[in-house]
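Novice: this is a predicted model, with the sequence first.
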Amino acid sequence: MYRMAKVIVDVPSRETDRPFDYLIPESMSSWIEVGSRVGVPFGRRTVQGFVVSLHEELEMDSSKMKPIDELLDLLPPLPPDLVELAAWMSRKYACSMISALQAMIPSALKGKAERYIHVADEHENEGEQTAEPGVLFGSQALLGPAEREIVGYIHQAGPVTMAHLSGRYPDKVEVIKNLLGQGILFESQAIKDRIRKKTVKTVAAAVSGEAAKEALASFGGKARRQQEVLQFLLEVGVPLSMQEVLSTLRVTAGTVKSLADKGYATITDVEVFRDPYQDRRFKATKPLERTPEQENVYRYLAEAIDSRRQRVFLLHGVTGSGKTEVYLQTIERCISQGRQAIVLVPEISLTPQMVERFKGRFGSKVAVMHSRLSTGERYDEWRKIREGRVQVAIGARSAVFAPFADLGLIVMDEEHETSYKQEETPKYHARDVAVERARQHGAAVILGSATPSLESYHAARSLSSDDFAPMILEMKQRASGSRLPGVQIIDMREELREGNRSMFSRALHQGIAQRIERGEQTVLFLNRRGYSTFVMCRTCGYVAECPECDISLTYHQKSNNLRCHYCGYATPTPTECPECQSEHIRYFGTGTQRVEGELSKLFPGIRVIRMDVDTTSEKGSHEKLLQAFREKKGDVLLGTQMVAKGLDFPEVTLVGVIAADTALNLPDFRSAEKTFQLLTQVAGRAGRHQLPGEVYIQTYMPEHYSIIHSSRHDYHSFVREELQHRKLLHYPPYSRLILVTLSHEQLPVLLRMAENFASELRGKAQRLGWFGDLDRRTAEALDVLGPVASPLPRIKNRYRFQCMVKYRGDLDAVSLVREISAAMMGQLRDASLQISIDVDPQMLM
Ligand SMILES: Nc1ncnc2c1ncn2[C@@H]1O[C@H](COP(=O)(O)OP(=O)(O)OP(=O)(O)O)[C@@H](O)[C@H]1O
Ligand SMILES: [Zn+2]
Ligand SMILES: [Zn+2]
C-alpha cells in the first residue's frame, strides 16, 4: 500500500521547484495515482499540486510529515507518461516542473485555494440538530441575536466562502471576526476549480401504474399545477430537461420541486458536454483514391503505423499536393488499429475549413481545441480525450499534450511555422515534444510542409546524432493536376523611376482591374511583420545592416538611431543613402488600412474584405469574413499572415504581395527563410482549381535569392543557398542558440549582473574546454555574445539585457546555463532579478 507521495506544488519559485513529501491518508490510498491532482498544505496555505511518484516506504518520521488534504479528481488529469514528459521538458528547456505540468492541463483545472468558513466541530458533537444554535455555546459565551443568526445560517448552509458570508451580512464583518476569534467559527481551505462540469437538471416521474393514479387523485385544488406536471411526465414517459417542462407547461421550478418533495418525481443533474460544433453539420467524406505520389508516400506511413515503433517523417509536398488527404488516410489506419492520433496545426490556420475536413471524415471521433473556445468548451473537449471518448485531437501547439492512452500518430502540419514554439514559460517547441511523445508511445510523426524548416530538412539530410533524423517523403505535383501558378516579380524601384509613387505597381493595378471585370477574385497579402522597423532606400533598395552581424538594423524612433539587436552596434539614422546618395531613405512599412484606403481610391466601388488582427478579434469573425469571401461578397481579400495559409477558393485567380521584403529586413537570421516560406504559401493560394492562377510579388529586392527561388517554386535551390549562409555565420542548424534574458528594475544593477553572468558563463565554459571562437574551433565550441540591451529594452518598468549563447556539438549547454543562473539567483537573494532562459529561440526581436 502506498503511504507517501511526492508532490510538485503550484508555487512558482526556484526554491520550490522540487517534489515535496506528503503522507497519503488511508481513505485515498486506493484512488491516488501518479498524475493525480491534490490539495496539500504548504506553509500556512493550501495549494494545488501533482503527484509525481508513490512510495510504500516513508523516508522520514511520519510525525514530521503532513498528509494530503484533498484528492481533486477521480480520474487523474495527467497519465503517467505526461508526468514523465514534464521531467524531460524541464531538463530540455530549463523550465520548472510545475510550469511544464500546468502547460499540459486545461486552464479550467488550474484551481486556486478558496477559504471556507465552518461552524466548529463541538457544535456537531454536543448539539442536537433541532436545538437552538445559541444555546449550544451557552457554557462558553452567551451569543447575541446577530451571532446566533450567522452561526445558524452556516450550520444550515454548510461551509461557505468568506466572500459569500460578507455578501450576505455586509455590516456584520466584525461579528464574524469575533466568532472566528472565539473558535465558534473556523476556516479551512480547499481547492476550487475555475470551471465545473456542466450539468442540466432533468425531471422524471417517480411513480407509475396504480401508484400514479393514486398520486394524481391526491392533489387538491391548490396543487392543480403539480398535478399537470405529473400528468405530463407520465405521458412522456422519459426524463425531460427541467427547462423543457417549465417552458411547455408554463409552471415555476417551485411547482416541480414540490412535486419532487412529495416523492412523485425525481430531479437529477445530468452531465453534458459543451460542444462548440453541436449546431454544425459536417458533410461526410470518403477517402479519395490516392494519386501515384500519395500512394508512394502512404506506403511508408502505413508501414510505420503497423510497426508500432517511433518513426519520424518529413513530408515535403508542394501546396495543393494533397498532404491533408494523406494525413486523413494515415489517421484512419491508426485509429482502425485502436490507437489515437493528434493533428497539430498553427493557430492561424485552424480555420473552419480545416476543422471541416477532419470532422467530415471522422465525425464525432474528433475533439477540436483552439484558443477561441471558451474555457468551459476547451475543458470539455479535453475531457473527451482523457476519458477516451474520441480518437482524434486537432488543435494548435498545446494539443501535443492531448492525454491519449495509446498514441499511434502525431501529424504536424506546416511544421515550419514559428508559432509551434511557445514564447512564454515553458518555452517548448511542439515539434521536439511530438518526437519525444512518439518515442514514449512507439508512434509515428509526420512533419508536413511545402517549405520545411531548415532545421528539419538539415536533420533529415545529415545523418546527424541529433534528437531525430526524419525520413524525407516528397510530393512534387498538385493532386488536382493543376499547375503551380506563374509568379512574376515586380521591381518597385523601377516603378518609382517611372514616376509611379503608388503602393500598387502598374501590373498589379491592371491585374486587379481585370479580375473585377471578369468577376474573379483577388487575394492581396501584406506582411505585417517588420512594420516600420527597418530603414530602406526607395531608390536603390539599400537596407542598413550591422557591420558585424550581417543582420538589418532596427530603427528606434525615440533616439532616432539604428541598432543591432544581436551585438548592440548603433549608428545615427542616415538622411541620405550611403550607396546611391538618394534622399528617399526612410523607415519603411505600410498597414492594411492604408492599402484598403488606396484600393477604394483607385477602384471606386470595390468590395474589400480586410482580414487582420483588428477585424478578427471577435469570436467567429474570422469565419464570417472567409464565408463572405467564398460567397463572392468581396472582390478582394486583403490581409496579413492570416490569408496566407490553407485557404482554398476556386475563384481566386490573382494573388498579389504588396511588399515582399518587409520580413527580409528584420533583425533575424531566419528572415530569408521566413520570406521564402511565406511567399511560397501565398502563391499557393492561386489557381488551385480549373481557373489558372497568377501571382505578382512586389519588391525592392528583386534579386534576393529568397524571392527568386520562391517565384520559381524551387525549395531545393533556396535551401542550398540559405544553408551556405548559415554555415558561414554559424547560425542554426550549424549551431544551437540559448537566449538568456536578465531583467531588473534598476539599470546599473542589471548591467553589473548581466556582465557577471556572461563572464561567469565564459569562465565555466573555458574550464570545461568548451569556450572558443566558432570560426576556429571545429567539432565542439561555445561562444557567448553580449550582454546587450534586449530588443524590448524595458517592459513594465523592468530593464532587460540579454546574452546569446551559441554552441555546437554535444555539449550540455542548457544545464550549464541553468546552473549558473540558479547559482546567481541563490547568492544574490535579490528577488527582483529575473533570469529567463529560451532554448532554441525563434523570436529574436
Ligand atoms: N487523391 C486525390 N484525388 C483527387 N483530389 C485530391 C486528392 N488528394 C487531394 N485532392 C484535392 O486536392 C486539393 C489539395 O489537397 P490538400 O488540401 O490535401 O493539399 P495540401 O498539400 O494539404 O495543400 P496545402 O499545403 O496547400 O494546404 C484539395 O482540393 C483536395 O480535395
Ligand atoms: Zn540608395
Ligand atoms: Zn551586430
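Specialist: All right, it came through fine. Numbering: from 1, shown residues only. Ligands and ions are numbered 1, 2, ... in the order given.
Novice: can you pull the contacts of His316?
Specialist: Ser449, Ala450, Pro452, Tyr457, Ile472, Leu473, Glu474, Met475, Tyr715 (CB atoms under 8 Å, 6 or more residues apart in numbering). C-beta coordinates here come from the backbone N, C-alpha and C atoms, glycine included.
Novice: at 6 Å what do you get?
Specialist: His316 is in contact with Pro452, Glu474, counting by CB atoms under 6 Å, 6 or more residues apart in numbering.
Novice: got the CA positions of the host helix or strand of it in CSV?
Specialist: Taking DSSP states H and E as the criterion, His316 maps to strand 311-317. Output of strand 311-317 as CSV, limited to C-alpha atoms (Å, rounded to 0.1, in the frame of the first residue of the first chain):
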residue,chain,number,x,y,z
ARG,A,311,9.4,6.9,-36.7
VAL,A,312,9.7,10.5,-37.9
PHE,A,313,8.8,11.6,-41.5
LEU,A,314,9.3,14.9,-43.2
LEU,A,315,6.5,15.1,-45.8
HIS,A,316,7.7,17.8,-48.2
GLY,A,317,4.8,18.4,-50.6
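Novice: continuing past that strand, what's the next helix or strand?
Specialist: Moving toward the C-terminus from strand 311-317, the next element (DSSP H and E) is helix 323-336.
Novice: which parts of that next one are buried?
Specialist: 323-335 (16 or more other CB atoms under 10 Å).
Novice: does that helix reach ligand 1?
Specialist: Yes. For helix 323-336 and ligand 1, the contact criterion (CB under 6 Å from any ligand atom) is met by Lys323, Thr324, Glu325.
Novice: can you tell me the average pLDDT over stretch 546-558?
Specialist: The average pLDDT within stretch 546-558 is 71.
Novice: check stretch 240-251 too.
Specialist: The model assigns stretch 240-251 a mean pLDDT of 84.
Novice: just the buried residues of it, please?
Specialist: Counting neighbours by 16+ other CB under 10 Å, the buried set in stretch 240-251 is Leu240, Met242, Val245, Leu246, Leu249, Val251.
Novice: so who does the first one touch?
Specialist: Spelled out, it's Leu240. Contacts of Leu240 (CB under 6 Å, 6+ apart): Val203.
Novice: so Ala758 makes contact with Gln802?
Specialist: No. Between Ala758 and Gln802 there is no contact, the gap being 10.0 Å when judged by CB atoms under 6 Å.
Novice: in terms of neighbours, single out the busier of these two.
Specialist: More crowded of Ala758 and Gln802, by other CB atoms under 10 Å: Gln802, with 26 against 21.
Novice: next one: that one from Phe757, what distance?
Specialist: 10 Å (CB to CB, to the nearest Å).
Novice: next one: Leu288
Specialist: 56 Å.
Novice: looking at those two, which one has more neighbours?
Specialist: For Leu288 versus Phe757, the count of surrounding residues by other CB under 10 Å is larger for Phe757: 23 against 12.
Novice: wait, a helix at the more buried one?
Specialist: Yes. The assignment for Phe757 is a helix, going by DSSP: H, G, I helix; E, B strand; the rest coil.
Novice: let's have the chain start at 18 instead
Specialist: Sure thing, new numbering starts at 18, so read that last one as Phe774.
Novice: neighbours of the closest residue to Arg743 other than its chain neighbours, just the number please.
Specialist: Of all residues not flanking Arg743 in the chain, Tyr751 sits nearest, at 5.5 Å (CB to CB, 6 or more residues apart in numbering). Tyr751: 16 surrounding residues under other CB under 10 Å.
Novice: before we move on, what SS does Tyr751 have?
Specialist: coil.
Novice: hmm, it is touching Lys744, no?
Specialist: Yes. The pair Tyr751 / Lys744 is scored as a contact, 5.0 Å apart, by CB under 6 Å.
Novice: which residues does Gly503 bridge with?
Specialist: For Gly503, the beta-bridge partners are Glu711 (DSSP bridges).
Novice: neighbours of it, how many?
Specialist: Residues near Gly503, counting by other CB under 10 Å: 15.
Novice: ok, now Gln173?
Specialist: By other CB under 10 Å, the residues close to Gln173 number 9.
Novice: the helix or strand where it lies - contacts with which helices or strands?
Specialist: Taking DSSP H and E as the criterion, the element that holds Gln173 is helix 162-174. Judged by 3 or more CB pairs under 6 Å, 6 or more residues apart in numbering; DSSP states H and E, the packing partners of helix 162-174 are strand 129-136, helix 150-153.
Novice: so where's the stretch 518-667 of the chain uncertain?
Specialist: For the stretch 518-667 of the chain, the stretches flagged by pLDDT under 70 are 545-550, 565-568, 573-575, 582-584, 604-608, 630-634, 636, 661-664.
Novice: show me where the stretch 468-617 of the chain has strands.
Specialist: 488-492, 503-508, 538-542, 551-554, 571-573, 578-580, 587-589, 602-605 (DSSP state E, counting those that start in this stretch).
Novice: which one of those lies closest to ligand 3?
Specialist: Shortest distance between ligand 3 and the strands of the stretch 468-617 of the chain, using CB to the ion, is found for strand 578-580: 8.7 Å.
Novice: can you list the strands that the closest one pairs with?
Specialist: strand 571-573 (antiparallel), strand 587-589 (antiparallel).
Novice: highest average neighbour count across those?
Specialist: For these, the largest average neighbour count (mean count of other CB atoms under 10 Å) is found in strand 571-573, namely a mean of 20.
Novice: tell me the buried residues in stretch 833-849?
Specialist: Those would be Leu833, Val834, Arg835, Ile837, Ser838, Met841, Met842, for stretch 833-849 by 16+ other CB under 10 Å.
Novice: how about stretch 103-114?
Specialist: So for stretch 103-114, counting by 16+ other CB under 10 Å, buried means Ala103, Trp105, Met106, Ser107, Lys109, Tyr110, Ala111, Cys112, Ser113, Met114.
Novice: could you dump these to a markdown table with secondary structure and distance to ligand 2?
Specialist: Rendered in a markdown table, the data for the buried residues of stretch 103-114 read as follows (DSSP: H, G, I helix; E, B strand; the rest coil; distance: CB to the ion, whole Å):
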| residue | secondary structure | distance to ligand 2 |
| --- | --- | --- |
| Ala103 | helix | 53 |
| Trp105 | helix | 51 |
| Met106 | helix | 48 |
| Ser107 | helix | 50 |
| Lys109 | helix | 46 |
| Tyr110 | helix | 43 |
| Ala111 | coil | 44 |
| Cys112 | coil | 46 |
| Ser113 | coil | 50 |
| Met114 | helix | 54 |
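Novice: how about the residues you listed in CSV, adding distance to Gly780 and pLDDT?
Specialist: Formatted as CSV, the buried residues of stretch 103-114 follow (distance: CB to CB, whole Å; pLDDT from 0 to 100):
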residue, distance to Gly780, pLDDT
Ala103, 32, 97
Trp105, 29, 97
Met106, 29, 97
Ser107, 26, 95
Lys109, 25, 94
Tyr110, 24, 95
Ala111, 20, 93
Cys112, 25, 94
Ser113, 26, 94
Met114, 29, 95
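Novice: hey, where'd the strands end up in the stretch 118-267 of the chain?
Specialist: Using DSSP E, counting those that start in this stretch, strands in the stretch 118-267 of the chain cover 129-136, 177-178, 202-209, 215-222, 257-258.
Novice: can you tell which of these is closest to ligand 2?
Specialist: For ligand 2, the closest of these is strand 129-136, at 58.3 Å, according to CB to the ion.
Novice: so for that closest one, mean pLDDT?
Specialist: Mean per-residue pLDDT for strand 129-136: 76.
Novice: so what does the helix or strand that contains Arg448 touch, helix or strand wise?
Specialist: Using DSSP H and E, the element containing Arg448 is helix 447-458. With contacts defined as 3+ CB pairs under 6 Å, 6+ apart, helix 447-458 has these neighbours: strand 424-430, strand 461-466.
Novice: let's have those strands in JSON lines, adding mean pLDDT, distance to Val674 and mean neighbour count.
Specialist: Formatted as JSON lines, the helices and strands packed on helix 447-458 follow (pLDDT from 0 to 100; distance: least, CB to CB, whole Å; neighbours: other CB atoms under 10 Å):
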{"stretch": "strand 424-430", "mean pLDDT": "97", "distance to Val674": "22", "mean neighbour count": "26"}
{"stretch": "strand 461-466", "mean pLDDT": "97", "distance to Val674": "19", "mean neighbour count": "27"}
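Novice: with that, I have no additional questions.
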